[in-house]
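Undergrad: curious how this folds, go ahead:
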Amino acid sequence: MKTIAVLTDFSRRSVHAAMFALHLAKKIKADVLLFNAFEVPAYAVNSTEIAGPFEDYGEIKKITESKLISLSRELENEIMAKSFPGTYLPAITCRCEEGAIANNIADIEEDKNVVLIVLATHGADDISAFMMGNNCRQVIDAASVPLLIIPENCSIKNIEKFVFATDLIHNDIDYISSVATMAKQFSAEILIANINYHAPLNEAHKNAVNSIKEEIVHKINYSRIYYRNIPKDNVKMGLDWLIENVKFDILVMVHRKGDLSDFILKSSITKKIADHTYIPLLVYPYPVTSVPSF
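TA: Purely as a prediction, here's the structure:
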């Protein structure tokens, strides 16, 4: 059974991300795994003295498991209250492990049913710090399945449009096809957006545009995909324009080090996204042996 893994620290923002994941799981008919990575204080592990009631590994794990069960019940009640009879209801399971969250990603992905990992930003007003911070960067670099990063203030609603940012240098058709399997569940549009550096387009760029259009027509069975050149002088200006002028629900990119996605994650474009904290970010890892379907 397809599974969405939700990384939670029990904060309000991570609970919101779990709610978003649950809404998505209903649409794509997936189950949900709630995962928490907890830390045991070094002095509790190394001390020869008897650890206090909240410092012992077993006690910390027990408390964490109790919190996960409580959160799962909250989510179950929420989804049952908002579902019609006969609607698919995701099964919710829980798991916790000791250690940094990035170090636990490989263990989560051992379950081959996991097709997506969902996590929250560090805070509604701090998305740029989160994306450029070690925690998120390490999770992005460690993951071999797509990551969906959820801002605290984004609405939980029907997804109407994805924007897939491409540089046209790499062949993104498998990733676009994967997004299409999710978009179909919402009858959502997919805008393939490329910020071109040449106006008018040079011959090489025209060929690249025609190539991706042909591949979309012949390889993806979904009609609600269209392409658009963003005539701006550089990537940052183009993405600024997209965010300010095109209404969309999820920004999608493929994370290849040194390319467009790395530029966004490292540069001030994250501050622009921070001003529009309703926009979730779907990040596909690269390279991978296979790209999941939703």
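Undergrad: how far is the longest helix anywhere in the chain from where the chain is centred?
TA: Counting residues, the longest helix found in the chain (DSSP state H) is helix 57-81. On the basis of CA atoms, centre = their mean, to the nearest Å, helix 57-81 is displaced by 22 Å from the centre of the chain it belongs to.
Undergrad: hmm, who's touching that helix?
TA: For helix 57-81, the surrounding residues in contact (CB atoms under 8 Å, 6 or more residues apart in numbering) are 8, 10, 15, 18-19, 22, 26, 32, 34, 36, 38, 40, 44-45, 51, 53-54, 89-90, 92-96, 98. C-beta: built from backbone N, CA, C; applies to glycine.
Undergrad: of these, just the buried ones, ChimeraX syntax please.
TA: Applied in ChimeraX, the following selects the buried portion of the contacts of helix 57-81 according to 16 or more other CB atoms under 10 Å:
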select :8,15,18,19,22,26,32,34,36,38,40,44,51,90,92,94,95,96
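Undergrad: may I ask you to confirm that residue 35 belongs to a strand?
TA: Yes - assessed with DSSP: H, G, I helix; E, B strand; the rest coil, residue 35 lies in a strand.
Undergrad: rewinding a little: looking at the contacts of helix 57-81, which are in strands?
TA: Per DSSP state E, strands hold the following members of the contacts of helix 57-81: 32, 34, 36, 38, 92, 93, 94, 95, 96, 98.
Undergrad: now do the helices in the stretch 101-250 of the chain.
TA: 101-109, 127-132, 134-142, 173-186, 203-219, 235-245 (DSSP state H, counting those that start in this stretch).
Undergrad: between those, which gets nearest to residue 253?
TA: Each of the helices of the stretch 101-250 of the chain has some distance to residue 253 by CB to CB; the shortest is helix 173-186, at 9.0 Å.
Undergrad: any buried residues in the closest one, and which?
TA: Buried positions in helix 173-186, judged by neighbour count with 16+ other CB under 10 Å: 173, 175, 176, 177, 178, 179, 180, 181, 182, 183, 184, 186.
Undergrad: show me where pLDDT drops low in the stretch 1-150 of the chain?
TA: Scanning the stretch 1-150 of the chain for pLDDT under 70 picks out 42-55, 122-137.
Undergrad: that older thread, what's the angle from the longest helix of the chain to strand 92-98?
TA: Orientation of helix 57-81 against strand 92-98 (axes from the mean of the first three to the mean of the last three CA atoms, to 10 degrees) gives an angle of 160 degrees.
Undergrad: buried ones in helix 57-81?
TA: 60, 61, 64, 67, 68, 71, 72, 75, 76, 79.
Undergrad: tell me the contacts of the nearest residue to the third one once chain neighbours are set aside?
TA: Beyond its immediate neighbours in the sequence, the residue positioned closest to residue 64 (CB to CB, 6 or more residues apart in numbering) is residue 96, lying 4.5 Å away. With contact set as CB under 8 Å, 6+ apart, residue 96 has these partners: 35, 36, 37, 38, 61, 64, 65, 68.
Undergrad: redo the residues you listed as JSON lines? Include distance to residue 192.
TA: Output for the contacts of residue 96, formatted as JSON lines (distance: CB to CB, whole Å):
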{"residue": "35", "distance to residue 192": "32"}
{"residue": "36", "distance to residue 192": "36"}
{"residue": "37", "distance to residue 192": "35"}
{"residue": "38", "distance to residue 192": "41"}
{"residue": "61", "distance to residue 192": "45"}
{"residue": "64", "distance to residue 192": "42"}
{"residue": "65", "distance to residue 192": "44"}
{"residue": "68", "distance to residue 192": "39"}
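Undergrad: closest one of the residues you listed to residue 117?
TA: Nearest to residue 117 out of the contacts of residue 96 is residue 35 (CB to CB; 8.6 Å).
Undergrad: quick one: the closest one and residue 9, what's the gap?
TA: Distance of residue 35 to residue 9, given as CB to CB, to the nearest Å: 10 Å.
Undergrad: quick one, which of those two is more surrounded?
TA: More crowded of residue 35 and residue 9, by other CB atoms under 10 Å: residue 35, with 23 against 15.
Undergrad: what's the nearest residue to residue 101 if we skip its chain neighbours?
TA: Once flanking residues are discounted, residue 101 sits nearest to residue 37: 4.2 Å by CB to CB, 6+ apart.
Undergrad: what is the neighbour count of the one you found?
TA: 21.
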